[in-house]
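Enquirer: predicted model and sequence follow; I will ask about them next.
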Amino acid sequence: MAAPHEFPGREITIRRGQFWIPGERVATPGGTVQRAPMFVQWEAPPEHAHPLPLVLVHGGGGQGTDWTGTPDGRPGWATRLVEAGFAVYVVDRCGHGRSPYHPDVVGPMGAQFPYEAATALFLPDDARGEQTQWTLQREIGSADVDQLVSPMGPLPADLAESQRLDADRLARLLDVIGRAVLVTHSAGGPVGWLAANARPDQVAAIVAIEPMGPAYAEFPGLGTLTWGLTSAKITCDPPAQRPEDVAGRRIPGLADKPVAVVTGGASAFAGFAPQVVEFLQAAGARAEHLHLPDHGITGNGHALIFEANSDETVKPVIDWIRTVEGD
């Protein structure tokens, strides 16, 4: 097998960089510290082919590397999107990856993400026959599953506060970069809804890859989508006095917002995706279900952003974003 630097890839552009969305300053007995900053890295083509930048928001216990590479060492969606002419911003959500976490200021950590949970989510045994695009090893103890699990860490124990922090930092990122399209994955999905709620004019559209759902679902060991599709409170019209009142009410930040809910053909998330779309449509969004088999792309599970055909799974997303750029 060739060394990673010998794999075919692409030249990195010289238009790239990184910065931080700072967290709050907090007084502690040891001095003033910062709470939950968000790391941002960006890359753009030499000449912009598309007017709207993309912000890529990773899922659950992952980090921004979910978008920049694959477990078998190929370039990830971030690279392919830059090649397609987009400026791309990749974030490490608060407390993940390069965004520091100290429980004394951010809050208690949840449990470390175990191999068993990772394989059940990304490589479920009951989908083995259908999930043909995971062409690597599947067993715990294999080098391929080691690569899958290595970047995964704990979430904050308070899922609502985790989402609130992420949405606040994303909103302030949009203040810096301007109007953009949010591309979220899995547990990053609620952060997209909340960021649009906070900055409706700055979010041009949302691509939700395999988002958490359905509405009000409970995830053992993680938390509950208390406010419909989010754990953190979301604004609706008329205002909801109780979380269960959100369903069917207009959410101003999502009103008339183009939204694509993207699913793989071998993923359990595809089963409840129509319910997610229905909830978003009732909130006023122009939501639609983009199911990969309908575009001739089959065999994908929850990890469709870094499975063997990831260069193909990104293409319907690029096409969809092009259709909404003028909105």
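Expert: All right, it came through fine.
Enquirer: quick one: residues contacting the residue nearest to residue 218 when sequence neighbours are not counted.
Expert: In space, and not counting its chain neighbours, residue 218 is closest to residue 224: 4.5 Å by C-beta to C-beta, 6 or more residues apart in numbering. From N, CA and C alone the C-beta is placed, and that goes for glycine too. Contacts of residue 224 were listed using C-beta atoms under 8 Å, 6 or more residues apart in numbering, and they are 159, 216-218, 231.
Enquirer: check the gap between residue 224 and residue 210 for me.
Expert: 19 Å (C-beta to C-beta, to the nearest Å).
Enquirer: wasn't residue 26 part of a strand?
Expert: Yes. According to DSSP: H, G, I helix; E, B strand; the rest coil, residue 26 belongs to a strand.
Enquirer: was I right about it contacting residue 36?
Expert: No. Residue 26 is beyond contact range of residue 36, at 9.6 Å (criterion: C-beta atoms under 8 Å).
Enquirer: give me the more crowded residue out of those two.
Expert: The neighbour count for residue 26 versus residue 36, taken as other C-beta atoms under 10 Å, is higher for residue 36 (26 against 15).
Enquirer: how far away is that one from residue 95?
Expert: Taking C-beta to C-beta, one finds residue 36 at 6 Å from residue 95.
Enquirer: find residues that contact each of those two.
Expert: 101, 106, 165.
Enquirer: could you find the closest non-adjacent residue to the first one?
Expert: Right, residue 101. Closest to residue 101 by C-beta to C-beta, 6+ apart is residue 95, at 3.7 Å.
Enquirer: which of the three states applies to that neighbour?
Expert: coil.
Enquirer: and it, backbone torsions?
Expert: Main-chain torsions, residue 95, degrees, to the nearest 10: phi 80, psi 10.
Enquirer: contacts only, for it.
Expert: Contacts of residue 95 by C-beta under 8 Å, 6+ apart are 36, 101, 106, 109, 155-156, 162, 165.
Enquirer: quick revisit: any shared contact partners between residue 26 and residue 36?
Expert: With C-beta under 8 Å, 6+ apart as the test, residue 26 and residue 36 both reach residue 105.
Enquirer: so what strands line up beside the helix or strand containing residue 91?
Expert: In this structure, residue 91 sits in strand 88-92 according to DSSP states H and E. When sheet partners are counted by DSSP bridges, strand 88-92 sits next to strand 38-43 (antiparallel), strand 54-57 (parallel).
Enquirer: neighbouring contacts of the first one?
Expert: For strand 38-43, the external contacting residues (C-beta under 8 Å, 6+ apart) are 12-13, 15-21, 23, 53, 64, 78, 82, 87-94, 97-99, 166, 169-170, 173.
Enquirer: now do stretch 247-256: distance from first to last residue.
Expert: Terminal residues of stretch 247-256 are spaced 17 Å apart (C-alpha to C-alpha, to the nearest Å).
Enquirer: stretch 110-128 too?
Expert: Start-to-end, stretch 110-128 (C-alpha to C-alpha) is 29 Å.
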